[in-house]
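Undergrad: how does the following fold in three dimensions:
(2 chains)
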Amino acid sequence: MPLPAKAFQRWLHGIAPDTSMADVCRLSQVKRTTLAQQLVRGKVAEATVVSISRAFNVSPVTSLAYFEVYRDLAGPLVPPTRQELVSQIATVDLLRAVIARTAPEEGGGGAEESTARPAESWELSPVPHATSVKNWVDAIDDGELRHRVSAATGIAPQNYSAQLTANRLAPEVAIATSRAAGVGLAGGLVATGLITEAEAGWAAGARRAALDGLSDGELTALAGDRLQTLGKALRRQEHDQEQTEKIWENLG
Amino acid sequence: MIEILQWTTLVACAAATLSRIPNLVRKKNRSLFYIFALMTVATLLSIKAPYLAIDGMLGNTNVANLLLRFIIFGAIYFLGMRIAKGFGDVHGLQFIRGRAGTVVLGLISLALLILFALMDSEGSSVGMMDVYAKDERNRLLVEYYGAAGRAYPAYVCLAILPAMLRAAGSTLPAMLRISALLLAVGGIAITLSLLFPVIPPALGYLTFIINYTAILCFVFGLMLIWLAKAMARRKVPEHIRKPAGT
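TA: Here you go, the predicted model:
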């Protein structure tokens, strides 16, 4: 649910009282036409508030908390669970970790960032990754989470699933999901890419630490699950592509 | 109102036919051109003025109506086959082209010819309304004749309907799913036309609406597929694989 324009104006006046709208747009890289349109419609996107906050060195989470819908973000930031952290590691990075751990030269030295082969000091790719939203929800799901979110927000379960599959989640639904799962409220905003790990109060290197904390068995099983899901998605894509080609060939 | 629907359908069919000319010249999916051309002629023959003109040339015995039935059969046969092939519907294809399909088509065609020969078809009139009004015997014959004429299209549509509904609910690109839905709606409309004999005369306009809805759905569904293809070809083929492992 986007933010009401009136509240947005008040908030903007609070953080940048003497800045013209043109300057706000220039500094925050928000397109003027986009912002104008959002204001005319009376609904300002959360992403706009986040961009402007960054431009004025204000915490995006605090900014969002200014608005009625996101009031709950004002509380102290709860650190992410280990499952959440791991869910935000891209599948390729998990595979890399599997390879790094099983590489014969290393023998499981445990030293982070330094691997046997010199050119291969690798960084985790940034959040969000290609399936970060779905992986995040799966990571905090106790089996009943989807029902609770559906009941709390009124979103039909199939629409919720569709959003997850598309790797999207509306910010207020992301927060409702966190609340229903009893984890830190900002986690979903990280998974959807609205805010960064640091902005959500996740410690630097927390994901790496969580990854290193996984046993070989856990890591391999997790990577296997991810690969299987990815394989299914790719196969479906290929099947759809074939089907589409066939339709065009016969009816196009 | 019904006139508007009729002429709109005719224009849509004619436009679809014309739009297939470039592909006809390039020898790509030429059967689609013939399908649309047949549908255009069929629509033309179901409108009063052109029907009277054409049947007049054929001797005022409503032979044009018989012709119309077989044109529809031809169009629906090729259309059903194309659609079943395109959507990878093996069962549908089997039902249309296999032995069952041939037997159904043969029997219905035979019935159509016999019923036509039995009736006193003198005197041009659209939908053979005047023949229908002649006497009890002709009324019955026209009724059966009409039912036979609707039976084959309904058969073909039922054959491909499951695949269309499946495709509409699948993960295919949105435009193709909309096309599949339109084709399904057209198929349902044609199947519903089997119920025409039980529609009370007061609701007679329903038959027109059902008929032309069917044709319009088919035409727009097919044009949408064609449009989706044209649009996709213009875009750079994007094969972005999920793990961007760089």
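Undergrad: burial count for residue 141?
TA: All of this refers to chain A. A count of neighbours around A:D141, defined by other Cβ atoms under 10 Å in any protein chain shown, yields 16. For glycine as for every other residue, the C-beta is placed from the backbone atoms N, C-alpha and C.
Undergrad: actually chain B
TA: Under the criterion other Cβ under 10 Å, the count of neighbours that B:L141 has is 23.
Undergrad: repeat for A:L169
TA: Residues lying near A:L169 (other Cβ under 10 Å) number 25.
Undergrad: thought A:V190 was touching it, still the case?
TA: No - A:L169 lies out of contact with A:V190 (Cβ atoms under 8 Å); the separation is 11.2 Å.
Undergrad: assign a three-state SS to B:S109, would you?
TA: helix (DSSP: H, G, I helix; E, B strand; the rest coil).
Undergrad: is it true that it touches B:F70?
TA: Yes - B:S109 is in contact with B:F70 according to Cβ under 8 Å; the separation is 7.4 Å.
Undergrad: centroid-nearest residue for chain A?
TA: A:A191 (1.4 Å; Cα atoms, centre = their mean).
Undergrad: just give the nearest non-adjacent residue to that residue, would you?
TA: A:W136 (3.8 Å; Cβ to Cβ, 6 or more residues apart in numbering or on different chains).
Undergrad: how far away is that neighbour from A:S178?
TA: 9 Å (Cβ to Cβ, to the nearest Å).
Undergrad: which one of those two has more residues nearby?
TA: Neighbour tally, A:W136 and A:S178, criterion other Cβ under 10 Å: the higher count belongs to A:W136, 30 against 26.
Undergrad: next helix or strand past the one helix or strand B:F36 maps to?
TA: Assessed by DSSP states H and E, B:F36 sits inside helix B:30-45. Following helix B:30-45 in sequence order, the next helix or strand is helix B:48-57 (DSSP H and E).
Undergrad: tell me the contacts of the residue nearest to the centre of chain A?
TA: A:A191 sits next to A:87-88, A:127-128, A:132-133, A:135-136, A:169, A:174 when contact means Cβ atoms under 8 Å, 6 or more residues apart in numbering or on different chains.
Undergrad: for those, which single residue is the most surrounded?
TA: A:W136 (30 neighbours).
Undergrad: which secondary structure elements does the longest helix anywhere in chain B contact?
TA: Longest helix in chain B by number of residues (criterion: DSSP state H): helix B:136-168. Using 3 or more Cβ pairs under 8 Å, 6 or more residues apart in numbering or on different chains; DSSP states H and E, the elements in contact with helix B:136-168 are helix B:63-86, helix B:90-97, helix B:99-118, helix B:129-134, helix B:174-192.
Undergrad: chain A is nearest to which of the ones you listed?
TA: helix B:63-86 (3.5 Å; Cβ to the nearest Cβ).
Undergrad: now A:S178. Nearest residue, chain neighbours left out?
TA: Per Cβ to Cβ, 6+ apart, closest to A:S178 is A:L185, 4.7 Å.
Undergrad: could you show me where the helices are in chain A, in order?
TA: Under DSSP H, chain A gives helices at A:5-15, A:21-28, A:32-41, A:46-55, A:60-65, A:82-87, A:91-102, A:132-140, A:145-153, A:157-165, A:171-181, A:187-191, A:206-213, A:216-251.
Undergrad: redo those as a markdown table? Include mean pLDDT.
TA: A markdown table is the format used below for these (pLDDT from 0 to 100):
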| stretch | mean pLDDT |
| --- | --- |
| helix A:5-15 | 91 |
| helix A:21-28 | 90 |
| helix A:32-41 | 92 |
| helix A:46-55 | 94 |
| helix A:60-65 | 93 |
| helix A:82-87 | 94 |
| helix A:91-102 | 92 |
| helix A:132-140 | 95 |
| helix A:145-153 | 93 |
| helix A:157-165 | 92 |
| helix A:171-181 | 93 |
| helix A:187-191 | 94 |
| helix A:206-213 | 93 |
| helix A:216-251 | 92 |
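Undergrad: most neighbours per residue, which of the ones you listed?
TA: helix A:187-191 (a mean of 28; mean count of other Cβ atoms under 10 Å in any protein chain shown).
Undergrad: got the CA positions of it in PDB?
TA: Extracted in PDB, the C-alpha atoms of helix A:187-191 (Å, rounded to 0.1, in the frame of the first residue of the first chain):
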ATOM      1  CA  GLY A 187      14.000  -8.700   6.800                       C
ATOM      2  CA  GLY A 188      11.500  -8.900   4.000                       C
ATOM      3  CA  LEU A 189      12.400  -5.400   2.900                       C
ATOM      4  CA  VAL A 190      16.000  -6.600   2.400                       C
ATOM      5  CA  ALA A 191      14.900  -9.700   0.500                       C
END
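Undergrad: not counting sequence-adjacent ones, nearest residue to A:K43?
TA: A:P2 (3.7 Å).
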